[in-house]
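1. Following is a predicted model, sequence given first.
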Amino acid sequence: MDSSRSAWSSAPLSAGDRRAAPGVSDLAFAALGAFCFGLTVLFSRGVARDGLPPSTALGIRFGVAGALLLVVLAALRRPLLPPPGERLRAYGLGLCLYAVESTFFYAALQRGTAAAVTLIFYAYPAVVALAEVALGAVRLRPPLVVALVLSIGGGATVAAGGGRVVISATGVLLVCGSIVAFSCYVLASARALSRTDSLTAAAWTAIGASTGILLTGVVAGTHERPSAGALGAVTANGVATAAAFTLFFVVLGRLGPTRTAIVMALEAVTGVALAAVFLDESVRPLVALGGVAILSGAVVAAMMTPAHVEQLESASPA
């Protein structure tokens with residue numbers, strides 16, 4: 001989800017993140033990270049449903065997240081800046097691709113329930129894997145075919161299963177645009193930020209996205225003064241985003257990219273559950289069935305995608 005979700009360079013993990021046998025605490029932190037990503041879906045859907053424009057909601061959200069991630073980097077003694085030669089790339093990827101992805105995702109949330117948007121978006125791991133086939137990084141094998149069938153079939157089921165009550169046709173197109181933009185971001189980051197620390201890339205992607213979205217809002221004249229409640233929700237969304245990114249990268253080196261990607265699929269489940277509890281958005285049986293198919297496809301794709309791509313795609317933009 002806009003996720004989400006995401007930031008994520010292919011750089012080697014720091015010494016403090018060397019992989020070890022996963023324990024209960026590692027899985028718990030990963031699950032907590034997925035829960036925080038689910039919170040971002042809840043907050044985004046809440047303010048989107050109230051009509052707050054994306055230029056305001058996302059600009060503030062990513063600005064808060066970027067600032068907090070710089071504080072986390074300083075506390076962890078990880079580099080505040082990407083290495084020379086990759087600084088403009090990290091900022092530019094956020095300014096362009098991630099800003100577009102998150103705007104599409106938010107606009108989709110204005111036209112569909114959190115369940116529909118989040119579940120359809122989770123077809124992106126199969127899309128990334130298919131792109132890697134086209135680029136020659138992986139071979140087209142039966143597991144990828146299964147992942148594609150599950151993801152596409154599940155997405156179609158979610159889109160059609162609830163009618164306009166769940167998501168409009170425009171909303172489906174916006175989610176698809178978000179998937180394409182996010183997949184391009186993941187693939188471009190893996191190649192353009194090969195020497196950048198992952199959490200550093202996350203921080204500057206968020207800052208770049210905030211800048212791009214805020215400037216677009218100024219030029220288009222779409223900014224609105226948020227109410228006190230909306231401002232609180234958007235700020236909390238930024239905090240949840242920073243917490244989710246931090247937890248994700250803390251456990252990535254211990255669980256490994258594949259297992260982390262699989263656990264992060266809980267993001268979709270928690271996002272749907274939180275929306276059902278706090279936004280009274282019930283999930284129809286056919287939508288739930290499509291969601292199970294999509295998440296199954298995401299797990300299959302995660303188990304066969306190259307490690308450097310898995311590391312990037314595990315976090316979702318929401």
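-> Structure received.
2. pretty sure Arg61 contacts Val239?
-> No: in this structure, Arg61 is not within contact of Val239 by Cβ atoms under 8 Å, at 9.4 Å. Where you see a C-beta, it was placed from the backbone N, CA and C, and this is true even at glycine.
3. what's the lengthiest helix in the chain packed up against?
-> Counting by DSSP state H, the longest helix found in the chain is helix 228-255. The helices and strands touching helix 228-255, judged by 3 or more Cβ pairs under 8 Å, 6 or more residues apart in numbering; DSSP states H and E, are helix 24-49, helix 54-76, helix 198-220, helix 257-264.
4. can you tell which of those helices is closest to Leu148?
-> When the helices and strands packed on helix 228-255 are compared by Cβ to Cβ, helix 257-264 sits nearest Leu148, at 16.5 Å.
5. mean confidence score for that closest one?
-> Mean pLDDT, computed over helix 257-264, is 64.
6. C-terminal to that helix, what's the next element?
-> Later in the chain than helix 257-264, the nearest helix or strand by DSSP states H and E is helix 266-278.
7. Okay, angle between that next one and helix 24-49 too, please.
-> Using axes from the mean of the first three to the mean of the last three Cα atoms, to 10 degrees, the direction of helix 266-278 lies 50 degrees away from that of helix 24-49.
8. mind listing what's buried in helix 266-278?
-> Buried residues in helix 266-278, defined by neighbour count with 16 or more other Cβ atoms under 10 Å: Leu266, Glu267, Ala268, Val269, Thr270, Gly271, Val272, Ala273, Leu274, Ala275.
9. same thing with stretch 240-254?
-> Residues of stretch 240-254 classed as buried: 240-254 (neighbour count, 16+ other Cβ under 10 Å).
10. Centre of the chain to it, how far?
-> Its chain's C-alpha centre and that of stretch 240-254 lie 12 Å apart, by Cα atoms, centre = their mean, to the nearest Å.
11. One more: stretch 87-103?
-> Between the centre of stretch 87-103 and the centre of its chain there are 13 Å (Cα atoms, centre = their mean).
12. Now do the end-to-end distance for that stretch.
-> 23 Å (Cα to Cα, to the nearest Å).
13. Render the CA-only coordinates of stretch 283-290 in PDB, please.
-> Output of stretch 283-290 as PDB, limited to C-alpha atoms (Å, rounded to 0.1, in the frame of the first residue of the first chain):
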ATOM      1  CA  VAL A 283     -15.400  -7.300   3.600                       C
ATOM      2  CA  ARG A 284     -17.600  -9.300   1.300                       C
ATOM      3  CA  PRO A 285     -16.900 -13.000   1.000                       C
ATOM      4  CA  LEU A 286     -15.900 -12.800  -2.700                       C
ATOM      5  CA  VAL A 287     -13.500  -9.900  -1.900                       C
ATOM      6  CA  ALA A 288     -12.000 -11.900   0.900                       C
ATOM      7  CA  LEU A 289     -11.500 -14.900  -1.500                       C
ATOM      8  CA  GLY A 290      -9.800 -12.600  -4.100                       C
END
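14. List of residues touching it?
-> 115-116, 119, 153-159, 161-162, 166, 272, 276, 291 (Cβ atoms under 8 Å, 6 or more residues apart in numbering).
15. Please identify which pair of the residues you listed lies farthest apart.
-> Greatest spacing in the contacts of stretch 283-290, by Cβ to Cβ: Gly153 and Ala276 (23.4 Å).
16. and Val100, what pLDDT?
-> With respect to pLDDT, Val100 scores 96.
17. what number of residues lie near it?
-> As a burial measure, Val100 scores 21 neighbours (other Cβ atoms under 10 Å).
18. was I right about it contacting Ala181?
-> Yes: applying Cβ under 8 Å, one finds Val100 in contact with Ala181, separated by 4.7 Å.
19. Leu135: neighbouring residues, count only.
-> Neighbours of Leu135 using other Cβ under 10 Å come to 11.
20. ok, now Gly221?
-> 7.
21. In contact with it, which residues?
-> So Gly221 contacts nothing (Cβ under 8 Å, 6+ apart).
22. Distance check, it against Asp50.
-> Counting by Cβ to Cβ, to the nearest Å, the gap from Gly221 to Asp50 is 20 Å.
23. picking that back up, more neighbours: which of Arg61 and Val239?
-> Using other Cβ under 10 Å, the more surrounded residue of Arg61 and Val239 is Arg61, with 33 against 17.
24. ok, now which ones touch the more buried one?
-> When contacts are counted by Cβ under 8 Å, 6+ apart, Arg61 is found next to Thr40, Phe43, Ser44, Ser210, Val234, Thr235, Asn237, Gly238, Thr241.
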